[in-house]
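[1] Dropping the sequence and predicted coords here.
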Amino acid sequence: MSLASVGTNCSASALPSDVLTTGIYGMKSRLRKAATPYIAVSFALFFFLAECLAQNVRAHDSVEGMRTFLAGMPKAELHLHLEGTLSAETIVEITNRNGIDYFTTAAEVEQSLADRPPGLMGFLEHHFKSQNVMQTRQDFYDATYNLIEKLHENNVIYADLFFDPQAHTSRGIPFDEMFKGIDDGRRDARAKFGVTVNLIMCINRERSVASAFEMLDQAHAVRDKIIGLGMDSGPEYGNPPVKFRDVYARAREEGYFLTGHHDVDVRDSVKHIWQSLDIIGMDRIDHGLNASDDPKLVAELARRGMCLTGSPVKRASDPEPQDIDRIRALDDAGVCVSLNSDDPAEFETGYLTNMLVLFQQASEYTKSDMTRLMFNAFDALWLLQDEKDEYVDVLKEYAVNNDIDWNEVTR
Ligand SMILES: [Zn+2]
């Protein structure tokens, strides 16, 4: 009720007869008495509405403030597939250039993404079709250069980039053509945008051991340009890490760092993570969030300081980024988990800034928490300690300039 309505109710005809008989002084007194509760309610209502407005402004400021903070944060990406970064526009440009008879419009690419069945194999259905548009050195160059431009827009200052040679050589594309395109794109984009990108060559786990060895042979001449050996694609069940034990052993001898995918909620995921730790001797674990199901594994990961490259992606059908509870459980237990965009062109989470914003909104992690997850990525880089420290210092300076207690970040 408003003050105006109090006044309306106080017309002479509405006044009780005793007010009329007690004179103007009595009427004023009665009116004051009658209006007092209304005035009090109105003031309370006014302050309530003002507080609501202030809360909304503060909430809006904090959402915008967090978004600005996450956008400006210097970032590292440790789990990013070249083949999953082709935008609809790039796919159409390459298909038209190469005269391929699918994906002639961006709308067709979007429809193919929307039509994917759930699960890893449904995801791979579109992923394979999309990656197959790349055929020439120029295609690989464009894909790499365009990706690094996007990374720069997201304030990513370092990235380890997965690429899948077997997916291309099996289509008749020479390894050297593919690699030259990627490497030249990386070199030119670094000169332009200042982003350091190292390459991780991945085994397609559904292919044979012989094929993986052949890939290592093909890469021999450019060994010094590839930092690590990974493993991806699928299905994972039936193609465990131990299948490639000998390939990994040779890669280790040749000086590669080792990592591999352990997709979430696939059968025997925990068993596969143990294999990768104890038999393969991996240096990082990609995904691996099912580790949270096994307290012994959680303790072992924390003891070893082993980093899991999480990727809480979100499809249009997901209410929020996936696996937040698992990431929180591992983070709370002191396990190094980083956040990564995985296949940014193929998920609604997109590139890293947007993913961090969506993850923070759903998890309600603080700025310190978000900085810790980013620190984990820099801390897990396969670089000399001095080089790593330089990257961490960039993040630390950003955090301190944003009034974040660094001790909370590195708790
Ligand atoms: Zn991945």
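    Cool, the structure landed. Quick caveat, the model's predicted, so the values are computed rather than measured.
[2] How about the secondary structure of Thr104?
    Here Thr104 is coil, with the state taken from DSSP: H, G, I helix; E, B strand; the rest coil.
[3] OK, contacts around it?
    Residues touching Thr104, when contacts are defined by CB atoms under 8 Å, 6 or more residues apart in numbering, comprise Val92, Thr95, Asn96. For every residue, glycine as well, the C-beta is placed using N, CA and C.
[4] Next, count neighbours for the first one.
    Taking other CB atoms under 10 Å as the criterion, the count of residues near Val92 is 19.
[5] All the strands of this structure, residue numbers only.
    75-77, 156-163, 196-204, 228-232, 257-258, 261-262, 284-287, 307-310, 336-339 (DSSP state E).
[6] Quick check: which helices or strands does the fifth one pack against?
    Read that as strand 257-258. In terms of contacts (3 or more CB pairs under 8 Å, 6 or more residues apart in numbering; DSSP states H and E), strand 257-258 is packed against strand 228-232, helix 245-253.
[7] Repeat that for the last one.
    Identification of packing neighbours for strand 336-339 by 3+ CB pairs under 8 Å, 6+ apart yields strand 307-310, helix 324-332, helix 352-363, helix 367-379.
[8] ok now stretch 189-202, how far from the chain's centre?
    Averaged C-alpha coordinates place stretch 189-202 at 18 Å from its chain's average position (CA atoms, centre = their mean, to the nearest Å).
[9] Show me which positions of it end up buried.
    Of the residues in stretch 189-202, Ala189, Phe193, Val195, Thr196, Val197, Asn198, Leu199, Ile200, Met201, Cys202 count as buried by neighbour count, 16 or more other CB atoms under 10 Å.
[10] And for stretch 142-162?
    The neighbour-count criterion (16+ other CB under 10 Å) identifies 142-148, 150-152, 154-162 as the buried residues of stretch 142-162.
[11] what is the mean pLDDT for stretch 234-253?
    Stretch 234-253 shows a mean pLDDT of 97 in the predicted model.
[12] Buried residues in that stretch, which are they?
    Under the neighbour-count criterion of 16+ other CB under 10 Å, stretch 234-253 has Gly234, Glu236, Asn239, Pro240, Pro241, Lys243, Phe244, Val247, Tyr248, Ala251, Arg252 buried.
[13] Quick check: of the residues you listed, which lies closest to Ile273?
    For the buried residues of stretch 234-253, the minimum distance to Ile273 (CB to CB) is 8.5 Å, reached by Pro241.
[14] returning to that earlier point: among the contacts of Thr104, which are in helices?
    If you go by DSSP state H, those have Val92, Thr95, Asn96 in helices.
[15] Show the low-confidence segments of this protein, by residue range.
    Judged against pLDDT under 70, the low-scoring parts of the chain cover residues 1-37, 43, 52-61.
[16] What residue spans form the domains of it?
    Using automatic domain parsing, the domains assigned to the chain come out as 3-68, 73-409.
[17] which of those domains sits most buried?
    Comparing the domains of the chain by mean neighbour count (mean count of other CB atoms under 10 Å), domain 73-409 ranks first with a mean of 19.
[18] Now tabulate the helices and strands packed on strand 257-258 in TSV and tack on distance to Ala219.
    What follows is these, written out as TSV (distance: least, CB to CB, whole Å):
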stretch	distance to Ala219
strand 228-232	9
helix 245-253	9
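[19] mind listing what the nearest residue to Ser311 once chain neighbours are set aside touches?
    Of all residues beyond its chain neighbours, the one nearest Ser311 is Asp342 (3.7 Å), with distances taken as CB to CB, 6 or more residues apart in numbering. With contact taken as CB under 8 Å, 6+ apart, Asp342 is in contact with His79, Leu80, His81, Gly84, Ser311, Val313.
[20] quick one: the last one and Gly260, what's the gap?
    Read it as Val313. Distance from Val313 to Gly260, counting by CB to CB, to the nearest Å: 18 Å.
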